[in-house]
Structures are given as structure tokens and as C-alpha cells.
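Asker: Mind folding the following:
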Amino acid sequence: MKRALFVCLFIWGIAVNAAMARETAVVDDAFLIDRVPAEALGYIRIPNPWGFFSAPKDSVLKTALAQDAHLKAVATLRSALGEKLLQYSRAPVKPLVELLLQRARSPVEAMLLVPPNAEMPLPNLFVTATTDIPSVADCNRFLAGMAQTHPHLMLLAEMSPDGFATLNIHGFPCMVHFTADAQRMSLMGGPTANQGIFQEILNGLTSVVHHELQTLEAGIDASHQGLFIWVNSRRVLPVIRPFLAPDQVMLFEKWGLFDMRAVVLGWGVQNGKGCLKLLVDAPKSGYREYLPEIQNTVSLTASGEPVFVIALSLPALEVVQAMRRIAQQENNPQLTEGLDQADAVLSQKLNLSLETILGAIGPEFVGFMDAVGSYAAVKIRDPSKWQQVLTTLSDQPDLHLETVDINGRRYYHLATPLGLMDTAGLSETVAQEKVVQSVLGSMRFHWYWMEDEGYLVFAQVPQALIDRQQFMQRVPIALWMTEHQHQDPRRSIFNFSVDVPGKPQRIYYLYLQMLTLLSDLADRPLDIFSLPTAADADLPPSGTYGVQLDLSDPYVALTFTFENNPLEFLLENNMTVASLGVLTAIAVPNFVSYRNRAVCALVEAEAHSAVTSLSLYFMKNEGAALPTLAALSDQTGYTPHPDLRVALEGTREAVVVRVAHRSKTCDRGSYYLITMPESGDNGWHP
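Answerer: Residues are numbered from 1 along each chain as shown. Here you go, the predicted structure:
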């Protein structure tokens, strides 16, 4: 199994590195997602990193990223970074790095398939991507180069004219096919892989209409270029069920988890905003049938556009009723007793039952800030029950309820004890204790609210409620969340949404700083003045961020909404500088140290290579004088590295080879010297 896993990972690495970059942005759409068969165990799409982060797409930075100056700058950086990493790469991984940095035309896609009629449900990995490899002959040379440089890979059969080849990876066969007209490379490997199965898969890659995979992706990524992972739970769960413990199987059955159809994770662009979503497709069954439907209206309005909104849907009444049914079904007296005790406590203290209170208000709870103030609101579920609760509260001796009518509107004020300390046991003979008792006994919590639009709207002071009534420009909160924030609250059990002024501009400027950092790492200057400004890019004045947990039938989904990147919300104000500082402090010194060590090693290797070529030259030309570099190259084929300066000094009897790197970044010295014959001067010199 370990070897099989190694084979799958190695195949994945070949395909990823064959299509993860290019001198321009990703230009080809995903190919496999429209052709995944229903029996596949899963599918994954890995986006092109440069295309995903720097290519124009339907996000807040699309105008800026589409500018010619930006596209040219990105192409230059990619080329320069490719050259640097190729220069410092070891031979076994050099072909992979070359493909990683110089070729790409599509995302990398893969799926897991179990062959039909297989004795063991062991899947094979099928990977495909469009590359810049122009022909079958070039693809064959690439595979041969891989086999020559990697110890665990052998080219068993060279690529045929129709594009088929066979590799051996750590003892397992891997089938390869290259389609010349589409420049598409496909690979398959695994414990049961063979040429016949591979051919069947290739022949079966036809468009699938109305696949559930496509429907799920449409709700996450409209660009069809982002990260997308789909697990076919209907096929996977029967495979893993025999490996579960009996109590785990029982738990899955009780909650209907074996009826799950799919699990999806995606990161893309939806409705002009970034979207990161985890979704479970699981029709209600088992205990989950008792859970209530979430049907929010959020019919409340704000004074002007809100700054942020926090919405909770807590159907506590339905949950309590469901818990009683489950307790009865499971014959669980402990659960029933716990619910009865909670009911008894409320009845004793407030003369109200648990179901009366929960039936009066909820399930919607909304907190928001707008142009007037900050508020908390709870929906009135049953006005008659709420009046019953209000009347009962007003009869409590420790509570003080008053109503005030202003300009035709009624405002409520409820004062309740703090309850911070039980003062009953304090001795009245001690003056200090009597003072504490008196102070704590006089302090109260003060609750101010009004009934508005079917909600109890609370504020810290009554003036905020009065100002709310006098503000005439009202904005429906649900409309603001849907149209401005691109979040649908109707099925949300939790929803947080905030509008951050100036955020798109800061995102763009942070992105430019990252380009500058990359240019420094690549030793390639960036003409940052040629890139558009925030005004040129027509960025909006504020940015949208939100998180919501949706509960519906059949979906459960956790969604993050953002402008361009889910981490950018953390990089706010001073956090931007701090985060960049931490990243720079960690990444740059390590990269520079690695680069410097690589430069030193390159210089030393070049000096020894020159000495070896000189020895060969003198063997071929007895009595000849010290040659020039051109003569040495003609006779021995020696060619200095383009980033190095090589000097041959002295005479045949006393040769001095001096090598230096153009960047002078080796921290061991400015040049490396070898003498023939050897002397004490050999080594690094300042």
C-alpha cells in the first residue's frame, strides 16, 4: 500500500508540474470536470497558482490585473523566478521544476476510479492536464529525461506514434497518453492499473450532462479555474464501512450519515466575490429528520446601510421538542429528566415554562450597526405569548418594568438585579460588609427596547431607539446582505457580514508589495510605477467579508465570502505591516541563505570543472601553452555557466583558475581560486 501511495503521488507530481505555470495566465478551461463518470470515488482540480492569484477574473481586482503593464510584469517575474529556481535545482528534479515554471495551459485535474468487477475496491489515480509540450516526440524526450534523472522511474516503453507510453514507478506500472492536437497529457497509475483499463477510461471521457458535480461547482466557482475537491460519499462510505467499529456504525446509522451523497470543498469566485466553501450533500434521515427547517426572513431594516450584521437562527423550541422525541424513541430517561429540570427552574423563578418562553420569541436574533447606532434584535414569534411573558415579568418583585410613550411610539425599560454576589450571608454588624451589600443591592442591569417591524429591538440607551425612529432612510437588512454583500441569509443558522471601508485599495497595495518582494527574490527589477493606481483600477470604496453556516435539506454548508483572498481580512490596518514583517523576517533570510549557499556551491563546482577540462586539454596537447577559454571550449567542450566569470591565469607550469559569481552573493568570499599544482592559496578569497 505504501508503494501504491507513492506511485499515485508521483503521477500526481508529474502532471502538476507539467501544467502549473506558463508565461501567460491560464488560458484553457478545466477539461475533466464535465467528463467525470458517476462511479468515480472523487475528483480534484488544482488551479494554476499564477493564474489563480494574478490572472484577471471576476473579483475586485479584475480591472487592475487586466492592465497590460501588470500582465507584462507578472510574465517577467515568472520567467526570472523560473531561471533562479532552475539554476539552484538538483538534477533529479530539474525536469519537473522546468515544467513547473515554464509550462501551463490548464488546471491539473484528477479522479479516483475503481475498475469494474474488481475483487478489491482499490482505486487507480487518473490525472490529466494541458501542457506546452508541442509534439509526441517532445513528450517522449521529456519522459526519457525524467527516467534518466530519477532513480525510482523507468521508461518501459517509449511513446508510440499514437501517444502511448509506459513508465515504471517504484515497481508499479504507470500508463501515459499524449494527445498532440490538444497538447494534453494523461497518466494513470495504481494497484490495478493496466493498459486496457487506461484505454477504457480515455475512450469514456465524454461529456456528462447534468452531473451533480457540475451543480455543486456552480455554487462555488464561476471561473471554473479554482480549487475544487469532490468526494462521492455514496461510493466511498460503503468502502470504509467495514473498517468502522460497531459503535461508530450505529452512530452513523442513527444520524443518517450513511445517506451522505457528496462532500465538496472549493475556492473560487462567485457573484464577483471570492468564495471558500465546505459543503455536505446529505438528505435528512435518522435523527436529522427531527431537526427543523431554517427559514429566515430577516425583515428588519437598518438606518442607512449597515456596517456589519450578525444573524443567528436558533430554533430552540423545535430543538427541545426534537430532543423529547429522541429521548422517547431511545428510552433515555436522563435526557427527559434534564429537560424537565430546566422547565422546573424557569417555572419556579419566573412562573413561565420553557416552551412558553421559547414559543414567544425567536428563532431569529440579529445584531447590527448602522448610521445611527448599534442594536440587537430578536424576532417576536407569537405576540400573545410574548405579552404573557411580559406580564409575568412585570409581576416579579425583583424586576422593574416601565413603559414610556414618545411621539406615538412605546419604549420599554426593564431593570434586573446584577446577581454578581449573594449578599444574604453578609454580617450586618460589619460596616464594610453593609456598604457592599447596599451597593450591590442597588445596582441593576438596564434593558431598553422597542417593538419594531415584528422584532424586539434592543439598545444600550433609549436615545438610540428614539434616533432610530426619527431616521427616515431605511435599508432592508436582508436586501443589503443579498445584493451588496452577496450573502443569502434565508437558510443560515449563523451569518456574519461586514463592510470594510477602503479595503479593496489596501488589498491591491498589499498585492503590489508582494510583487515587489518577488522581484527582490528573483533579482529582477520591477517597474512598479508603470502599474495602475487604485483610482485607475476603479476599485470600490469598501470591501465585503462574511462567514455563514447554512442548514437546509439536503445541504449543510460553511461559506467564507471575501474580496480576493480569505486571509486578507486578517491583514487589517497594523496587522498588514506586522504580517508582512513576520513573513519577510522568516522567508527572506531563509531564501537568501539558501541562495547564497547555492551560489557558493556553483562557483566551487565550476572551478573544479575548469581544472578537469584543463587537465584534459594538456593531455591532448603536450607542451601547449595555457589556452584561452575559447580554445579550451573548442578542445574539451567546456562552457562556463552564464552567471559566472572564469579567468585562466599564469602559465602551463603554474596555472591559476579564478571563478566569481556575477551577483557576488556568496558570503564565503568574492571569488574562488584553484592552482595547478595545488598550493596554499586554494579556496575562497575576499
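Asker: confidence score at Ile310?
Answerer: Looking at Ile310, its pLDDT is 95.
Asker: any idea which helix or strand comes after whichever helix or strand it is part of?
Answerer: Using DSSP states H and E, Ile310 maps to strand 308-313. Next helix or strand after strand 308-313 toward the C-terminus (DSSP H and E): helix 316-330.
Asker: before we move on, the earlier item: and the strand holding Ile310, what's buried?
Answerer: Buried residues in strand 308-313, counted by 16 or more other C-beta atoms under 10 Å: Phe308, Val309, Ala311, Leu312, Ser313. In this view, the C-beta of every residue, glycine as well, is placed from N, C-alpha and C.
Asker: Repeat that for stretch 612-619.
Answerer: Neighbour-count burial for stretch 612-619 flags Ser613, Leu614, Tyr617, Phe618 (criterion: 16+ other C-beta under 10 Å).
Asker: Over to stretch 347-367?
Answerer: So stretch 347-367, judged by 16+ other C-beta under 10 Å, has buried residues 350, 352, 354-367.
Asker: Can you tell me which of these end up in helices?
Answerer: Mapping those onto helices (DSSP state H) picks out Leu350, Leu354, Glu355, Thr356, Ile357, Leu358, Gly359, Ala360.
Asker: Tell me how this protein divides into domains.
Answerer: Domain ranges of the chain: 2-246+260-268, 295-490, 596-685, per automatic domain parsing.
Asker: Of those domains, which shows the lowest average pLDDT?
Answerer: domain 2-246+260-268 - the lowest mean pLDDT of these, at a mean of 80.
Asker: Measure how far that one is from the centre of its chain, please.
Answerer: Distance of domain 2-246+260-268 from its chain centroid, counting by C-alpha atoms, centre = their mean, to the nearest Å, is 19 Å.
Asker: Check stretch 548-567 too.
Answerer: So, by C-alpha atoms, centre = their mean, the centroid of stretch 548-567 is 12 Å from its chain's centroid.
Asker: sorry, back to before: state the pair within the ones in helices among the buried residues of stretch 347-367 that is farthest apart.
Answerer: Using C-beta to C-beta, those reach their maximum pairwise distance at Leu350 and Gly359, which is 14.2 Å.
Asker: Surely Glu649 touches Val659?
Answerer: No. Using C-beta atoms under 8 Å, Glu649 is not in contact with Val659; the gap is 11.5 Å.
Asker: neighbour-wise, which of the two wins?
Answerer: Neighbours were counted for Glu649 and for Val659 using other C-beta atoms under 10 Å; Val659 has more, 23 against 12.
Asker: Now that one: closest residue in space that isn't a chain neighbour?
Answerer: Among residues not flanking Val659 along the chain, Ala607 sits closest, at 4.4 Å (C-beta to C-beta, 6 or more residues apart in numbering).
Asker: helix/strand/coil for that neighbour?
Answerer: At Ala607 the chain is in helix, as set by DSSP: H, G, I helix; E, B strand; the rest coil.
Asker: now the one 3 residues further on
Answerer: Following three-state DSSP, we place Ala610 in the helix state.
Asker: Apart from its neighbours in sequence, what residue is nearest it?
Answerer: Per C-beta to C-beta, 6+ apart, closest to Ala610 is Val657, 5.0 Å.
Asker: same question, Leu81
Answerer: Using C-beta to C-beta, 6+ apart and skipping residues adjacent in sequence, the residue nearest Leu81 is Ala522, 4.7 Å away.
Asker: The stretch 51-200 of the chain: strands as residue ranges?
Answerer: With DSSP state E, counting those that start in this stretch as the criterion, the stretch 51-200 of the chain has strands at 108-113, 124-130, 153-157, 164-169, 172-179, 184-189.
Asker: Including distance to Asn271 and mean neighbour count, could those go into CSV?
Answerer: Putting the strands of the stretch 51-200 of the chain into CSV (distance: least, C-beta to C-beta, whole Å; neighbours: other C-beta atoms under 10 Å) gives the following:
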stretch, distance to Asn271, mean neighbour count
strand 108-113, 24, 24
strand 124-130, 28, 27
strand 153-157, 45, 15
strand 164-169, 43, 20
strand 172-179, 35, 22
strand 184-189, 31, 25
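Asker: so which of those strands comes closest to Gln270?
Answerer: Ranking the strands of the stretch 51-200 of the chain by proximity to Gln270 (C-beta to C-beta) places strand 108-113 first, at 20.0 Å.
Asker: Show me what the closest one packs onto, helices and strands only.
Answerer: Applying 3 or more C-beta pairs under 8 Å, 6 or more residues apart in numbering; DSSP states H and E, we find strand 108-113 packed against helix 2-19, strand 42-46, strand 124-130.
Asker: Give me the contacts around stretch 197-213.
Answerer: 32-38, 43, 113, 115, 124, 126, 175, 177, 186, 188, 214, 230, 261-262, 281 (C-beta atoms under 8 Å, 6 or more residues apart in numbering).
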